[in-house]
Each structure stands twice: as C-alpha cells, then as structure tokens.
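Undergrad: I'll drop the sequence and a predicted model, then ask my questions.
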Amino acid sequence: MSRRTHSRLNMKLKISYRLVEDLSKSIRELIQSSHADAELEQSSNTKDVSASGVLFYLDKPLSLGAVLEIEIEISDQKDKPIECLSRVERVDEMMMKKVYGIGVRFLDMSAGDRARIDGYLKDTMRKRSIV
C-alpha cells in the first residue's frame, strides 16, 4: 500500500538545500538566514516532484529525519524560487551509480509557494497529456 497522497512527475528542476542546524529559530528566520549562509548551501537536480515533496540525487547520504531548507527553481514567470523546510523521509543508495536518492517531504511552505508548485505541476501534467 502506497503512502503517497500526491502524484509524482518525473522532472528535472534545480534544487538548492541547506541542512538546518538550529531548530530553535523560527521558520521565517531560517528562510531569511539562508541567504546569509550561502557557503553552506549545496545544489542538485530533482528526479521527480510532487505537491508534497521531491526526490533528488546526491553523492553522499543524508540522515533520515534531517531537516533541510530548500529552494526549488520552477519556470513559472516568477523571479524567486519556491522556498520551504523539508524533512528527509527516504535515502536509497544507488550502487551502480554511487549516488543516493534523497526523498524529502515538505514541512512548511507559504500558501503562495504551495499554490505555485500545485499550479506548475498541474500545467505540466496537462501539457504532457496533450503531447
């Protein structure tokens, strides 16, 4: 039985992430501080995306339960990426490629960013069904 509540789309989007070290800060402080801590930021590309999380690949594993601050760049005519906190829910070692599949669930996302990613995914699904 699948625990997923949203459909996943296979798509490559640029994602940046930073491991959150100080959970005593408010969510707003964490998101605002990410720009000051750019040297701690890492980037990758997504393998798939849903309205509740993403899967991306890294050359090193992350701990299950780790909290990440992430930014996802989507092409929806907006200037800023989607920002949110997320939790690592899955880590799969890909032996042949020597990479790790990191599955994260979105924890906190603004209503505006939630609407943007929902709309972007629906538009993409609609375009793919036409082609």
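TA: That came in fine, so what should we check first? Quick caveat: nothing in here was measured; it's all calculated off a predicted structure. Residues are numbered from 1 along each chain as shown.
Undergrad: and the helix ranked longest in the chain, how far from the chain's centre?
TA: Criterion DSSP state H: the longest helix present in the chain is helix 111-130. The gap between where helix 111-130 is centred and where its chain is centred comes out at 15 Å by C-alpha atoms, centre = their mean, to the nearest Å.
Undergrad: would you indicate which residues of that helix are buried?
TA: For helix 111-130, burial by neighbour count (16 or more other C-beta atoms under 10 Å) applies to D113, R116, I117, Y120, L121. Yep, even glycine has a C-beta here, placed from its N, CA and C like the rest.
Undergrad: so what's the spatially most central residue of the chain closest to, chain neighbours aside?
TA: In the chain, the residue lying closest to the centroid (C-alpha atoms, centre = their mean) is V54, at 4.7 Å. Leaving aside its chain neighbours, V54 sits nearest to T46 (4.8 Å; criterion: C-beta to C-beta, 6 or more residues apart in numbering).
Undergrad: that neighbour and G53 touch, don't they?
TA: No - the pair T46 / G53 is not scored as a contact, 9.9 Å apart, by C-beta atoms under 8 Å.
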